[in-house]
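J.: below are the sequence and a predicted model; questions follow.
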Amino acid sequence: MGNPGPAGVGLVLEDGRGEVLTQVGRFIGEATNNEAEYLALIMGLEEAIINGPPQEGLVAKSDSQLLVKQLAGEYRIKDKKLKPLYQWAKRLASALENFKLEFIPRGENKKADKLALMAIDEATW
């Protein structure tokens with residue numbers, strides 16, 4: 001798969017106790033890896049807003065350092081395609097009272113990666 005290329009998003013929403021609330025894997029067509037990372041976060045935030053965030057608050061975990069650093073204001077957004085996704089994610093995050101975004105190593109993101117890969121495989125076979 002190239003970049004851009006066939007892309008999928010995977011997300012797992014858990015409450016503060018680690019109980020899975022929602023799992024989603026979705027094919028999104030052709031996108032860069034960074035676009036897919038933003039869209040996964042956006043879908044997760046939308047799910048939390050629609051279903052009501054856990055009382056303990058919502059912690060989003062991403063293995064994309066770029067995503068986490070851009071949303072924290074530590075990295076500038078140079079890619080014009082990412083700017084509207086950044087603004088969308090910021091707007092959704094601000095609607096949640098107790099929201100945090102954390103960076104995790106890729107190895108800790110296996111569930112979401114598997115969901116994304118399964119969505120790509122199903123759509124492209």
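T.: Happy to help now that I have it.
J.: which strands and helices sit next to the longest helix seen in the chain?
T.: In the chain, taking DSSP state H as the definition, the longest helix is helix 33-51. Applying 3 or more Cβ pairs under 8 Å, 6 or more residues apart in numbering; DSSP states H and E, we find helix 33-51 packed against strand 5-14, strand 20-31, strand 58-62, helix 65-71, helix 82-94, helix 110-124. C-beta coordinates here come from the backbone N, C-alpha and C atoms, glycine included.
J.: what do you get if the cut-off is 10 Å, keeping everything else the same?
T.: When contacts are defined as 3 or more Cβ pairs under 10 Å, 6 or more residues apart in numbering; DSSP states H and E, helix 33-51 packs onto strand 5-14, strand 20-31, strand 58-62, helix 65-71, helix 82-94, strand 99-103, helix 110-124.
J.: which of those sits closest to residue 37?
T.: In terms of Cβ to Cβ, the element of the helices and strands packed on helix 33-51 nearest to residue 37 is helix 65-71, at 4.7 Å.
J.: surely residue 48 is in contact with residue 56?
T.: No. Residue 48 lies out of contact with residue 56 (Cβ atoms under 10 Å); the separation is 12.0 Å.
J.: so what's residue 30 up against?
T.: Contact analysis of residue 30 by Cβ atoms under 10 Å, 6 or more residues apart in numbering lists 2, 4-7.
J.: so where's this structure shaky on pLDDT?
T.: For the chain, the stretches flagged by pLDDT under 70 are 1-2.
J.: of the contacts of residue 30, buried ones?
T.: Buried residues within these, counting neighbours by 16 or more other Cβ atoms under 10 Å: 6-7.
J.: picking that back up, can you redo the helices and strands packed on helix 33-51 as JSON lines with distance to residue 40?
T.: What follows is these, written out as JSON lines (distance: least, Cβ to Cβ, whole Å):
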{"stretch": "strand 5-14", "distance to residue 40": "4"}
{"stretch": "strand 20-31", "distance to residue 40": "8"}
{"stretch": "strand 58-62", "distance to residue 40": "8"}
{"stretch": "helix 65-71", "distance to residue 40": "9"}
{"stretch": "helix 82-94", "distance to residue 40": "10"}
{"stretch": "strand 99-103", "distance to residue 40": "12"}
{"stretch": "helix 110-124", "distance to residue 40": "7"}
